[in-house]
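Trainee: generate coordinates for the sequence data below:
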Amino acid sequence: MINMGHKSVFLGIDIGSTCIKAVEIDLDAAGGPLIRKANIVPRSAGLGKALAGMQAKSARAIGIVDCPTSCLRYFTVPVMPDKELGEAIKWEAKDKVSYPLDEAVIGYETQEEAGEDGLKKLRVKFVASPKKFVDEMTSLLSEAGVEPVAITEPPLAIENIARRLGAEGPSAAAIIEIGAESTGISIFREGSLKFHRMIGSGGVAITKAITSVLITEQGRVELSYEDAENLKIRHGIPPMPGIDLLDGKINSQQLLSLIRPATERLVQEIERSFEYYSDGSLGDKVKSVVLVGGGASLKGLAPFLQDALDMPVSVGDPFKGMKLANNAVTPGAEPHIFADAVGAALSEGKGINLLSLEIRHKTARTFGKAAVESAAVAAVVLLILGFVGQQMRLSSYEKKIKYGDKELEAMRPQIQIALNYERIRQDNDKKKAFMAKMLSEEPPLKEVLKELSNKIPGEAVLTGIRIDDKDLVIKGEIRGEVANREEALSAIITALEGGLFSETTLINARMSEDSKTKAEFEIKCEF
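Mentor: Sure, this is the predicted structure:
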């Protein structure tokens, strides 16, 4: 089966420290983007399980590399040629990346803007991630049979859904993604990413805090990690302290005292990030917060942060504005968990891409070849349908030809390295010329097909047809049990002579002594 590829279907794949999230989105669905599937599985279940029910081999996949030492920074440089720009960016990166540059994968985008002195400058969005993490992500995808078109970072994925999450106004808004091991703080203005900072604390830190030793009137209490995780999930941050036991373990007042160090550190790091942003943006202040990621599921976290930060805090919905297919989402999974995966899929693989050039070219060849083969197969199928009696109308074929041309032209950037592109294009030109010749010259195609249908006996099947100058060349097979293949072929040639054809000549024939084996022939008919 030829892999046709689905130009509008994209996969977003987020492999976290504890879970794998994957979404499949059709951007060309009627009525707007359609979420076909949104799966979340434990990391131990494997990527194959996360991709269950998705078009993993034909859709365009974008993976997310989530590494604590990844770096996203902004800086400004003078306008310069691309070659010099690359060197300038490497020079700037030395002070911003905590590991050797030859161990990093670097990507960047530039935007021209006017400086304070009126001179044009380039604002550079710079991303660096350890090469071993990018290679690991690529290998995991490859082992699952997925050829990615891009690898991106969490803040870049979140930027694609910032407006859906409400970070689209003129006031600065923070989208805080709380994962298991880390928390990403991204600040946006009018949907554009302006600042990003990672802190090494997440949901696991709160669970570990609950396992701390507690001395009570009943004695020493020390919860296991499993008990602490269950207590966190069931009760979260209690709104009011109380003395009633929770799950027979500790009361809500004791739970609050256990998690206070972790939650206070989270608040301090958020406030510090807001101050960093304000200092670097001429005093601009963050006005609201949206929570995403698995940690956003913690009960009571949003109102707790709202009180602590003194600003509106809500839990985001990355599915907002999109349709959901029936049974699309893993039962019990909340939309905010899929924020990174949705943002990656909506990127369509555009923007900063950490995937190696070699793999990008390989993927482009795969999808380019599929698109070309699709166009070629479609043309052949149309011809075959015509041979068995389908009426062909010139206007219909012109539309199909134009559509085929547009398809090929649209895919040209992706298949520049496909060695057979020119040959396929020339074949399509010949097919167009063939159809134009058959429809414009006498006798018309309808009469030719009628003549062939009437004179070709039942034991013969046509497999091909073409025009060489003014001659019609047909290929076919004699099938079934025929005692004398040579006589049957001679009868076909004799039957074709006269009528529309002035002369019939056998070009090639391949016979077998076995009467059950098909015999192949090629005949030239002159009008």
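Trainee: now the terminal residues of stretch 162-173, how far apart.
Mentor: 9 Å (Cα to Cα, to the nearest Å).
Trainee: list the buried ones in that stretch?
Mentor: By neighbour count on 16 or more other Cβ atoms under 10 Å, the buried set for stretch 162-173 is Ala162, Arg163, Arg164, Leu165, Gly166, Ala167, Ala172, Ala173. No exception for glycine: its C-beta is placed from N, CA and C like everyone else's.
Trainee: what's the burial count for Gly86?
Mentor: Number of residues near Gly86 (other Cβ atoms under 10 Å) recorded here: 13.
Trainee: am I right that it sits in a helix?
Mentor: Yes. Counting by DSSP: H, G, I helix; E, B strand; the rest coil, Gly86 is part of a helix.
Trainee: distance of it from Glu112?
Mentor: As judged by Cβ to Cβ, to the nearest Å, Gly86 and Glu112 stand 17 Å apart.
Trainee: and if you look at Leu34?
Mentor: Distance of Leu34 to Glu112, given as Cβ to Cβ: 36 Å.
Trainee: okay, the two: which has more neighbours?
Mentor: Legend: neighbour count by other Cβ under 10 Å for Leu34 and Glu112, higher for Leu34 (19 against 9).
Trainee: before we move on, back to that, of the buried residues of stretch 162-173, which is the nearest to Val342?
Mentor: Arg164 (8.3 Å; Cβ to Cβ).
Trainee: this structure - how does it break down into domains?
Mentor: As given by automatic domain parsing, the domain ranges for the chain are 1-72+87-97+127-161+318-354, 205-260, 356-440, 457-527.
Trainee: model confidence over the first one, on average?
Mentor: This means domain 1-72+87-97+127-161+318-354. Confidence for domain 1-72+87-97+127-161+318-354, expressed as mean pLDDT, is 89.
Trainee: which of the domains of the chain sits most buried?
Mentor: For those, average neighbour numbers computed from mean count of other Cβ atoms under 10 Å are highest in domain 1-72+87-97+127-161+318-354, which has a mean of 19.
Trainee: strands of the stretch 251-400 of the chain, start to end?
Mentor: Secondary structure of the stretch 251-400 of the chain by DSSP state E, counting those that start in this stretch: the strands cover 286-292, 313-315, 323-324.
Trainee: export those strands to CSV and tack on distance to Pro457?
Mentor: Putting those into CSV (distance: least, Cβ to Cβ, whole Å) gives the following:
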stretch, distance to Pro457
strand 286-292, 70
strand 313-315, 74
strand 323-324, 55
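Trainee: where among these is average confidence lowest?
Mentor: strand 323-324 (a mean of 94).
Trainee: per-residue pLDDT, Thr76?
Mentor: pLDDT, Thr76: 84.
Trainee: hmm, back to that, could you dump the domains of the chain into TSV with distance to Gly191 added?
Mentor: Listed next are the domains of the chain as TSV, based on distance: least, Cβ to Cβ, whole Å:
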stretch	distance to Gly191
domain 1-72+87-97+127-161+318-354	8
domain 205-260	30
domain 356-440	27
domain 457-527	55
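Trainee: looking at the buried residues of stretch 162-173, which are in strands?
Mentor: Among these, DSSP state E puts Ala172, Ala173 in strands.
Trainee: nearest to Asn327 among the buried residues of stretch 162-173?
Mentor: Using Cβ to Cβ, Arg164 comes nearest to Asn327 of these, at 22.4 Å.
Trainee: sorry, back to before: the buried residues of stretch 162-173: which two are farthest apart?
Mentor: Arg164 and Ala172 (17.4 Å).
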